[in-house]
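Need the 3D shape of this:
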Amino acid sequence: MHPAIEATPFLLDPGDVPDFRTAIAEIARNGYSESAVCQRLGLGDITELKWKALPIYRDERLAQRDPQVLAMELFLLQGAIPAAELNQLFSASSQVVLQRAGILEIDSSGLARARASLFPVGDRLIFSDHAWHKLPHPGYTTVPRDLVMFVGTDSRWLARATVRRPVHAALDLCTGSGVQALLAAAHSERVLAVDINPRAVRCARFNATISGAANLEVAEGNLYEPVSANDRFELITANPPFVSSPVDDIMFRDGGPSGEAIQQRIVAGLPRHLAPGGIAQIVTELGEREGEPIVERVRQWLDGAAMDIHILRLRTYSADYYAIGHSSSDGGYGDYLESVGAWARNLRDQGYARIVSVLIAFEWSDPKAGAPWDRVDESQPPKRDAGAEIEAVFSVERAVRKNRASDRHWVRRAGPIALTESRMLGSEIPVAARATPLGRALTAEYTLGPVEREILNRLEQPCGVAELLASLNMERNTVFAAIDSLRRRGLVTVTESN
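Next up is the predicted model:
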C-alpha cells in the first residue's frame, strides 16, 4: 500500500533536489525523448500529436508496456498506471520524492497519475500542467484559471525559430513553464523569466532548479514590471496570451476581445529594453482585417521606433473555423451553439476575417541600410531549428540595401530549388512560377516574376551579372531589381568574383 502524500505541485524541498534529479534521470534512461515519442506514436513531428487519438495510440502503438511507454502514458498522455507498472518505471525512493514534489499522485489502491506533464523538448524534459483540459486533472474538479501553459505547438515553433547566438542577457516574458528561458540559459550569461501568474512562476522556478540553470532568475510581475529601467537584453522572447476571446477563463490563453491586450504592450516595450544588435522574437496569433496589412498594426505599436520587422506567416484560419475550434462543448449541444455564437460575434466585432499564426522578429534598424523595413513571408511551420534562417533574413535584407547588384558581381543559386510552373489550359494567362529552397527548416514558397524565373533557369553554373545583362537583353534596372529580389528570398547569392 502506498502512503497518501498531499503536496502542492512544483514545490521542491532543497534537500529533495538530488533525489528528484535521480528520478528524472530514470525516465530519460528509459528513452523518453521527443524523437522517441514521435517514433513510438508514428508521428512525423511531435506537434502532430492529437489528444483525441489517445485510444488509437493505446491500442495500436502502446500495447507493449515497457518503461518507455509507461513514461509516455503517465507524463504525456495523462493516463493512469497500476503499482506494478509504476515499479518498472521508478524506484520506491523516486516514487516518494515525486509525490512530495506534488508531481505524482498514488491512490489507496496503488493507481498512479501524474499531477503535471513532463514534456520532451529536444533532449530536454520540461514540467508543466497537463495539455488536454478534457481529461482528469488530479486535485481539481474543474480546470483552474491559473493553469500553466503546456509545451504546445506555438511553444515549439518559438523554440525552433529562436536565434541561438551567445548573448549577455536574455528576457522571456509570459514565461509559463519557463521552456523558452531554459533554452536561452544554454547560450546566455543571464536570463530573466517573467510571468504574472504565481503558479507559472513556481513552475518555471521548479524547472530551473531541477535543470541546474543557475543563471536563470524567475520573477513574478506584469510584463516589464520586474525589469529595471536601464536593463537591456540581446534576446527577448515571448509567447503571450493571444486568443481573441469573448471570455477570460484561462490566463495563458485569453488575450481580451481583440487578442492584442498583452502583445501590444510587449511590442511597445521593446524600444526601451532591446539592446543594440539584439533580437526580439514573439510567437502569436493576430486577427487580420480585409485591406489592413498586419505589419502596419505591429509597426504602429512600436510608436516610431526605428526597428526592422520580419513576420513569418505559418497558418491561417477563417474566423468561422476559429470560433468553432475555441468554443466550449462542456454543457451540452445547446450551450455549445451559444458558445460558437459568442466567439463568432466577438471576431466580427473586431472586424477579423481570419486569424493568422505568426512568428515576429524585431531588430534595431541599421541607418546605413536606409529606412526601417518590414517583410512578410509565408512558410510551413519549422520542424527543426530555424534560428539561423531567421537571422539570415535580417543580414541579407541589410546587405541588399547597402550593396545592390551591379555589373561587377557574379550570381549563383543559393542551393537546390524546387521550381513549379502552372498554366491554365486554353487561357492567355502567363505561366505562373513558384520556387521553394530545399533542405531548409523554413519551407517558404515564393512566387516568381518572369525575369526572376528566367534568371534562375540560366544559373546552371555561376554567371556574371554583365553576362546575364547581355543574354537577357532587358533593361538594366529590371535585371538588377530581379537579382536583388532573388537574394532577399535566399534563392541566389551574389559575390565579387566567381
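
Name the spans of the stretch 1-150 of the chain whose pLDDT lies under the cut-off.
For the stretch 1-150 of the chain, residues meeting the criterion pLDDT under 70 lie at 1-7, 133-134, 136-141.

mind listing the strands for the stretch 1-150 of the chain?
80-81, 104-106, 112-114, 117-121, 124-128 (DSSP state E, counting those that start in this stretch).

Dump those to a markdown table, plus mean neighbour count and distance to R156.
C-betas here are computed from N, CA, C, even on glycine. Listed next are the strands of the stretch 1-150 of the chain as a markdown table, based on neighbours: other Cβ atoms under 10 Å; distance: least, Cβ to Cβ, whole Å:
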| stretch | mean neighbour count | distance to R156 |
| --- | --- | --- |
| strand 80-81 | 19 | 26 |
| strand 104-106 | 23 | 25 |
| strand 112-114 | 23 | 20 |
| strand 117-121 | 21 | 7 |
| strand 124-128 | 24 | 11 |
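
Nearest to W364, out of these?
Nearest to W364 among the strands of the stretch 1-150 of the chain is strand 117-121; the distance by Cβ to Cβ comes to 29.5 Å.

Restrict the closest one to CA atoms and write it as PDB.
The C-alpha trace of strand 117-121 is given here as PDB (Å, rounded to 0.1, in the frame of the first residue of the first chain):
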ATOM      1  CA  SER A 117       3.100  16.600 -17.500                       C
ATOM      2  CA  LEU A 118       6.700  16.200 -18.500                       C
ATOM      3  CA  PHE A 119       7.100  17.400 -22.000                       C
ATOM      4  CA  PRO A 120      10.100  16.300 -24.100                       C
ATOM      5  CA  VAL A 121      11.600  19.300 -25.900                       C
END
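
Can you name every helix or strand that it contacts?
For strand 117-121, the elements it packs on are helix 34-41, helix 67-75, strand 124-128, helix 179-185, judged by 3 or more Cβ pairs under 8 Å, 6 or more residues apart in numbering; DSSP states H and E.

TSV for those, including distance to A414?
Output for the helices and strands packed on strand 117-121, formatted as TSV (distance: least, Cβ to Cβ, whole Å):
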stretch	distance to A414
helix 34-41	29
helix 67-75	40
strand 124-128	32
helix 179-185	28
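
Skipping its backbone neighbours, what lies nearest G152 in space?
Leaving aside its sequence neighbours, G152 sits nearest to A131 (Cβ to Cβ, 6 or more residues apart in numbering; 6.4 Å).

residues contacting that neighbour?
Contacts for A131 (Cβ atoms under 8 Å, 6 or more residues apart in numbering) come out as 51, 78, 117, 119, 150-152.

and F233, which of the helices and strands packed on strand 117-121 is closest to it?
So among the helices and strands packed on strand 117-121, helix 179-185 is nearest, using Cβ to Cβ, at 9.7 Å.

and the following helix or strand past the closest one, what other elements does it pack with?
Moving toward the C-terminus from helix 179-185, the first helix or strand encountered (DSSP states H and E) is strand 188-195. Here strand 188-195 touches strand 167-173, helix 179-185, helix 198-211, strand 216-220, strand 233-238, going by 3+ Cβ pairs under 8 Å, 6+ apart.

Include mean pLDDT, mean neighbour count and distance to Y333 when you put those into TSV, please.
Shown next, in TSV, are these (pLDDT from 0 to 100; neighbours: other Cβ atoms under 10 Å; distance: least, Cβ to Cβ, whole Å):
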stretch	mean pLDDT	mean neighbour count	distance to Y333
strand 167-173	98	24	39
helix 179-185	98	26	37
helix 198-211	97	22	33
strand 216-220	98	19	41
strand 233-238	98	26	37
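
could I get the ones you listed as TSV with distance to P14?
TSV is the format used below for the helices and strands packed on strand 188-195 (distance: least, Cβ to Cβ, whole Å):
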stretch	distance to P14
strand 167-173	24
helix 179-185	19
helix 198-211	8
strand 216-220	16
strand 233-238	29
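
where does V227 fall, helix, sheet strand or coil?
When classified by DSSP: H, G, I helix; E, B strand; the rest coil, V227 comes out as coil.

in the longest strand along the chain, what counts as buried?
Counting by DSSP state E, the longest strand found in the chain is strand 274-288. Judged by neighbour count (16 or more other Cβ atoms under 10 Å), strand 274-288 contains these buried residues: 274-275, 278-288.

Repeat that for stretch 477-497.
So for stretch 477-497, counting by 16+ other Cβ under 10 Å, buried means 479-494.

which residues of the stretch 1-150 of the chain fall in helices?
17-29, 34-41, 54-60, 67-75, 83-89, 92-100 (DSSP state H, counting those that start in this stretch).

Okay, the closest residue to A432 other than its chain neighbours and A435: tell me how far apart.
Sequence neighbours aside, S422 is the residue nearest to A432 in space, at 5.1 Å (criterion: Cβ to Cβ, 6+ apart). Applying Cβ to Cβ, to the nearest Å, the value for S422 to A435 is 13 Å.

Same question for V96.
On the measure of Cβ to Cβ, V96 and A435 end up 59 Å apart.

neighbour count winner among those two?
A435 (22 against 19; other Cβ atoms under 10 Å).

That one touches L456, doesn't it?
Yes - between A435 and L456 there is a contact under Cβ atoms under 8 Å: 6.5 Å.

so what sits against both of these two?
By Cβ under 8 Å, 6+ apart, the residues touching both A435 and L456 are 417, 419, 448, 491.

Tell me the buried residues within the residues you listed.
417, 448, 491.

roughly how far apart are P9 and G178?
14 Å.

For these two, indicate the residue with more neighbours.
Just comparing P9 and G178: by other Cβ under 10 Å the higher neighbour count belongs to G178, 30 against 22.

and the residue nearest to the more buried one when sequence neighbours are not counted, what is it in contact with?
Nearest residue to G178 in three dimensions, chain neighbours excluded: A204, at 3.1 Å (Cβ to Cβ, 6+ apart). Counting by Cβ under 8 Å, 6+ apart, A204 touches 175-178, 181, 193, 195, 218.

10 Å - rerun?
10, 126-128, 148, 172, 175-182, 193-195, 197, 216-220 (Cβ atoms under 10 Å, 6 or more residues apart in numbering).

Pick the most deeply packed of the helices of the stretch 1-150 of the chain.
Scoring those by mean neighbour count under mean count of other Cβ atoms under 10 Å gives helix 67-75 as the most buried, with a mean of 23.

Between the contacts of A131, which sits nearest Q64?
Q78 (19.8 Å).

what are the phi and psi values for the closest one?
phi 60, psi 40 (degrees, to the nearest 10).

looking at it, P257 is touching S245, isn't it?
Yes - taking contacts as Cβ atoms under 10 Å, P257 lies within contact range of S245: 7.1 Å.

What's the end-to-end length of stretch 76-89?
14 Å (Cα to Cα, to the nearest Å).

hang on, isn't N197 packed against V218?
No - between N197 and V218 there is no contact under Cβ under 10 Å: 11.4 Å.

Need the overlap of contacts for those two.
175, 203-204.

Look up which helix or strand Q264 falls in, please.
Counting by DSSP H and E, Q264 is part of helix 263-273.

sorry, that was for T478
With DSSP H and E as criterion, T478 is part of helix 476-488.

Show me which positions of stretch 384-393 end up buried.
386-387, 389-393.

hmm, who's touching it?
Around stretch 384-393, the neighbours that count as contacts under Cβ under 10 Å, 6+ apart are 45, 122, 157, 159-165, 279, 281, 308, 310, 312, 359, 361, 363, 375, 377, 379, 382, 399, 414, 437, 440-444, 488-490.

Can I get the buried part of those as one PyMOL selection?
Listed next is the PyMOL selection for buried residues among the contacts of stretch 384-393, using 16+ other Cβ under 10 Å:
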select buried, resi 157+159+160+161+162+163+164+279+281+308+310+312+359+361+363+375+377+379+382+399+414+437+440+441+442+443+444+488+489+490
